[in-house]
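J.: when you get a sec, could you give me coordinates for this:
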Amino acid sequence: MDTIKENFQKILSEAQRDGVKVEMLVTGGESLKLGFQKKKLEKFESTQSQMAGLRVIKGATQGYAYTENLSLEALLRTYKDALNNAKTVKSEETVEVPLMKPQAAPVMNLFNPEEISMEKKMEVAKTLEEACLNADQRVQAVPYCGFVESTSFKRILNSEGVDQEFKQSSYSGYAYPLAQQGESSKMDGEGFFARSFKDIKAQETAELGVRKATARLGAQKLKTGNYAVVIDREQFPTMLTMLAGYFSAKEVHENKSLLKGKLGQKIGSDKFQLVDDALNLRGTAVRPFDSEGAPSQRTVLFENGVLKNYLTNLEYAKKMNLPHTANAARSPASAMDIGPTNLVMGKGDKSLQQLLSKYDKVVYVTEFSGGLHAGFKESTGDFSMPAEGFLYENGHNKGPIDQFVMSGNILDLLGLIEDLGNEYNKEGNSMIAPDVLVKSLSFAGA
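T.: Now for the predicted structure:
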């Protein structure tokens, strides 16, 4: 018995009597989180969740409501709430909001429910900490480490006959050891992402995390100045995250995007290629359809530094007369929006060492200390990011550096990209990038 479909049919009958269109987004999943501290199990957390969000469209207005109770009674109440919200909303819009009509979505088999014993899962979590502690005597503790097993599903049904469902499962883990030598202490780490249990490499993850942490011990201050910089492929996704919101046609329409009016203009260097690709299995934002049920696709955003497209959902493609890119994004508890999936940069043909050897002095940024929100102003594109890394002179590593701030403007940075590495960051990210050599940026240090 398909209870979700049966319940939606009853909601649809109500919507037809009320003269409105309706869409129901249902999501849910299960997760298991395990973590060890001081060789003892500290975290054992198993959760299940499900939620339904109703969107009611009445001409040019929309109303939303959600519930975690998927019984028919609760869903009908939620529908009534969404209907009342749609009637209450005051809007100057006159164009009717469209709903997706049924279309075949790509087949993606990413649901792999394996029968793995709890003992084996516990062993992964235990190894992530224990291998760090055993790898180097300078490791004092592993403050952040853990193993996560998760499954999730998304289903969309609407008045036009759309009924799409997608399930996926994955494993992830991380180990961030704290290393100390004399007065110097540093924490760094590594993670993994796998869709099959046999692909998990807990020992390798822990040992790499230790190497990254210990390599940063004894860091010196960087002298203030302008330097060529190589932004590590694990860190450049932070820069892509700065860009991500600007591609939304909704943000463009509301005058919130720095890319407004720049379609067809050259913004980045010839080396800069960027696509939005929900079908790229390397990324974590894979999906066969978007949050309206539109089949996923690949959209070119930048080609040889030229801005080629914005991202759209059905409403803004119609409103702005733009190509529909199937980038509707929402959760059951949120209103309809537009968002990227996997942002994939084009690779180059240079090794990391070649990039680091390009200039007499190169700052190799391997860590943004405060994360994205530490120093990015979306309204201007200006960033001022606390960072750490290594100083290279004539291609040789002169040692770790810290206590400096890298500053610039994200759109200017695209134009300063001089070369790209030939390897991508590890799997487990929706932002896929190589090592990036930038001609010159400002650094504030000692």
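J.: residues contacting the nearest residue to residue 98 once chain neighbours are set aside?
T.: Among residues not flanking residue 98 along the chain, residue 314 sits closest, at 4.6 Å (CB to CB, 6 or more residues apart in numbering). Where C-beta positions appear, they are placed from N, C-alpha and C, glycine not excepted. Residue 314 makes contact with 97-100, 292, 294, 324, 328 under the criterion CB atoms under 8 Å, 6 or more residues apart in numbering.
J.: just those now: which is nearest residue 23?
T.: For these, the closest approach to residue 23 (CB to CB) belongs to residue 99, at 6.3 Å.
J.: OK, contacts around residue 309?
T.: Residue 309 touches 247, 263, 299-301, 322-323, 325, counting by CB under 8 Å, 6+ apart.
J.: so where's this protein shaky on pLDDT?
T.: Where the chain drops to pLDDT under 70, the residues are 371-374.
J.: what about the helices in it?
T.: Along the chain, counting by DSSP state H, helices occupy 3-18, 72-88, 118-135, 202-215, 236-244, 249-253, 314-320, 352-356, 410-415.
J.: export those helices to TSV and tack on distance to residue 104?
T.: Below are these laid out as TSV (distance: least, CB to CB, whole Å):
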stretch	distance to residue 104
helix 3-18	18
helix 72-88	27
helix 118-135	37
helix 202-215	38
helix 236-244	28
helix 249-253	25
helix 314-320	17
helix 352-356	42
helix 410-415	36
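J.: so for residue 364, which of these sits nearest?
T.: Closest among those, once you apply CB to CB, is helix 352-356, at 5.9 Å.
J.: buried residues of the closest one, list them for me.
T.: 352, 354-356 (16 or more other CB atoms under 10 Å).
J.: now stretch 428-446
T.: Buried-residue list, stretch 428-446, by 16+ other CB under 10 Å: 428-439, 441, 443, 445.
J.: what do you get for stretch 122-142?
T.: Residues of stretch 122-142 classed as buried: 124-133, 135, 138-139, 141-142 (neighbour count, 16+ other CB under 10 Å).
J.: and if you look at stretch 141-150?
T.: 141-142, 144-149.
J.: from those residues, pick the one nearest residue 378.
T.: Out of the buried residues of stretch 141-150, the member with the shortest distance to residue 378 (by CB to CB) is residue 144, at 27.8 Å.
J.: how about the closest one: what's its closest non-neighbour residue?
T.: Closest residue to residue 144 apart from its sequence neighbours, by CB to CB, 6+ apart: residue 176 at 4.0 Å.
J.: residues contacting the one you found?
T.: Counted by CB under 8 Å, 6+ apart, residue 176 has contacts 142-145, 187-189, 209, 213.
J.: just the ones of those in strands?
T.: Members of the contacts of residue 176 lying in strands (criterion: DSSP state E): 142-145, 187.
J.: need the max-distance pair from those residues.
T.: So, those by CB to CB: farthest apart are 145 and 187, at 11.3 Å.
J.: surely residue 364 touches residue 230?
T.: Yes - here residue 364 reaches residue 230: they are 4.9 Å apart, a contact under CB atoms under 8 Å.
J.: these two: which has the busier surroundings?
T.: Remark: of residue 364 and residue 230, residue 230 carries more neighbours, 28 against 20, as counted by other CB atoms under 10 Å.
J.: what is the more buried one paired to in the beta sheet?
T.: Counting by DSSP bridges, residue 230 forms beta bridges with residue 364, residue 437.
J.: so it is in contact with residue 359, correct?
T.: No - counting by CB under 8 Å, residue 230 stays clear of residue 359, with 9.7 Å between them.
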